[in-house]
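In: this one's sequence-less:
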């Protein structure tokens, strides 16, 4: 009983930090309670970047100073298996055997349409609902952009290298069309929030 209450409380604290945009504070909480696996879990959402091309020397030094739960080396930093991480978080967010705050925590770090109900269960204000819906839309947008670029080797393996990419002219048209589609989705989500019943605010 005590462990279940502790787990719920810890998950609520981590969720609150994620909701407030304070991921580093959530990671610090995990370290303070001696849960390095949770710290690694929270860092799993960072896209893999190759530091030789995408980071300044200062960023590379910051990455090198991170704790052992996060993959850094001389060539890159981040999660090389982000798609697998995201699928695992989504499965945990949908798992009925986990308590609601823990499911919401998993949904908050890897938001997607299938985990939106777990996020909405923790929403008390209109701002909470807005954050949940926009988080899902934003994450979907990232996935769509990566898919349009044919991902990369770290996301799609050899298929990314073997599939020819579209011409830049065709890609520009697709990007414009995708931008308009995404804007329409955001408008629909915002419009649907006018009917949301909230407990507070």
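Out: Nice, I can see it. Please read all numbers here as calculations on a predicted model, not as lab measurements.
In: helices along the protein, start to end?
Out: Here the chain has its helices, by DSSP state H, at 2-19, 23-32, 36-43, 51-54, 57-64, 82-94, 100-109, 116-120, 126-148, 153-156, 158-162, 168-192.
In: between those helices, which one is closest to residue 200.
Out: Checking the helices of the chain against residue 200 by C-beta to C-beta gives helix 126-148 as the closest, at 8.8 Å. (Glycine included, C-beta is placed from N, CA and C.)
In: let me see the mean pLDDT of that closest one.
Out: Averaged across helix 126-148, the pLDDT comes to 87.
In: the inter-axis angle of that helix versus helix 2-19?
Out: In terms of direction (axes from the mean of the first three to the mean of the last three C-alpha atoms, to 10 degrees), helix 126-148 departs from helix 2-19 by 70 degrees.
In: thinking again about what came up before, of the helices of the chain, which stretch is the most buried?
Out: helix 100-109 (a mean of 24; mean count of other C-beta atoms under 10 Å).
In: just how off-centre is it within its chain?
Out: 11 Å (C-alpha atoms, centre = their mean, to the nearest Å).
In: can you pull the pLDDT of the spatially most central residue of the chain?
Out: For the chain, the residue nearest the mean C-alpha position is residue 110 (3.6 Å; C-alpha atoms, centre = their mean). Predicted confidence (pLDDT) at residue 110: the value is 92.
In: then residue 196?
Out: 82.
In: circling back to that earlier point, so which of the helices of the chain comes closest to residue 198?
Out: helix 126-148 (5.2 Å).
In: any idea how far the residue nearest to residue 133 when sequence neighbours are not counted lies from residue 29?
Out: Ranked by C-beta to C-beta, 6 or more residues apart in numbering and with sequence neighbours excluded, the top spatial neighbour of residue 133 is residue 189, at 4.6 Å. According to C-beta to C-beta, to the nearest Å, residue 189 and residue 29 sit 30 Å apart.
In: find the nearest non-adjacent residue to residue 49, please.
Out: residue 78 (5.4 Å).
In: show me the contacts for that neighbour.
Out: Taking C-beta atoms under 8 Å, 6 or more residues apart in numbering, we find residue 78 in contact with 46, 47, 48, 49, 71.
In: hmm, which two among the residues you listed are most spread apart?
Out: Counting by C-beta to C-beta, the most remote pair of those is 47 and 71, 11.9 Å apart.
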